[in-house]
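Undergrad: Here is my input; please provide its structure:
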Amino acid sequence: MGFFCQPQGAPELSAPPGLFDPKLSSSSALLACSDSRCKDLIRGGYGTCRRDICEFDLRYGPLSVQYSAATGYYLSDSVGLEIFEGSTSVKTSSAPILFGCSTYRSGELSEDAFDGFLGFGPFPLSFSSQLHSLGLSFDVFSICMRSSYGGGILVFGEILEPGIIYTPLVTSL
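TA: Predicted coordinates:
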């Protein structure tokens with residue numbers, strides 16, 4: 001999961017529209033190199049350490065072709081959630097979620113059509129995996145691309161509706 005962010009150490013100016021500025025969030029915290037999650041990211045090839053800040057430099061595309069790239073730093077922030085319990089009960093909650101803050105992007109990621117991206121892979125730090133590890137959802141998500149409400153719906157956790165058909169994720173190619 002990643003957002004396009006104000007670079008660390010940037011002047012105390014307001015971030016351009018579409019950029020997340022972690023200095024404006026009282027709950028955001030940089031991921032230190034000493035944090036076990038940073039060490040896991042480094043071991044997995046998804047992180048590096050510089051000036052005691054856990055950073056990333058990721059390339060996207062098949063092995064020999066690079067469609068796009070993103071570099072930045074990792075941070076944790078509180079994410080607001082609406083948790084449905086049954087068909088009518090809704091509870092508001094928040095959760096500390098780790099995500100990447102991109103300060104540079106290239107290729108297809110450089111288009112101004114979006115402000116970030118959300119990963120669903122079977123990776124321990126994907127958004128859905130973090131919700132599951134915090135006990136906030138089952139380790140499943142559902143996407144309906146079109147609905148009577150318009151553009152569709154994204155649900156983390158189990159859908160409590162009869163007739164839903166689940167398709168397992170492909171875990172290897």
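
Undergrad: Please enumerate the helices of this structure.
TA: 36-43, 127-133 (DSSP state H).

Undergrad: Which one of those has the poorest average confidence?
TA: Per-stretch mean pLDDT for the helices of the chain is lowest at helix 127-133 (a mean of 85).

Undergrad: so where do the strands sit in the protein?
TA: 2-4, 29-30, 48-50, 53-60, 68-85, 89-107, 116-117, 141-144, 153-156 (DSSP state E).

Undergrad: I'd like to know which of those strands is closest to Pro124.
TA: strand 89-107 (9.9 Å; C-beta to C-beta). Quick note: C-beta positions are derived from backbone N, CA and C, even for glycine.

Undergrad: could you check the angle helix 36-43 makes with that closest one?
TA: If you take axes from the mean of the first three to the mean of the last three C-alpha atoms, to 10 degrees, strand 89-107 sits at 40 degrees to helix 36-43.

Undergrad: can you list the weak-confidence ranges in the chain?
TA: Along the chain, segments meeting pLDDT under 70 span 1, 8-18, 64, 85-89, 111-114, 121-122, 145-151, 153, 159-173.

Undergrad: now with 80?
TA: By pLDDT under 80, the low-scoring segments of the chain are 1-4, 6-19, 60-66, 82-91, 108-124, 138-173.

Undergrad: Could I get the strands of the chain in JSON lines, plus columns for mean neighbour count?
TA: What follows is these, written out as JSON lines (neighbours: other C-beta atoms under 10 Å):
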{"stretch": "strand 2-4", "mean neighbour count": "22"}
{"stretch": "strand 29-30", "mean neighbour count": "16"}
{"stretch": "strand 48-50", "mean neighbour count": "14"}
{"stretch": "strand 53-60", "mean neighbour count": "18"}
{"stretch": "strand 68-85", "mean neighbour count": "17"}
{"stretch": "strand 89-107", "mean neighbour count": "16"}
{"stretch": "strand 116-117", "mean neighbour count": "16"}
{"stretch": "strand 141-144", "mean neighbour count": "14"}
{"stretch": "strand 153-156", "mean neighbour count": "15"}
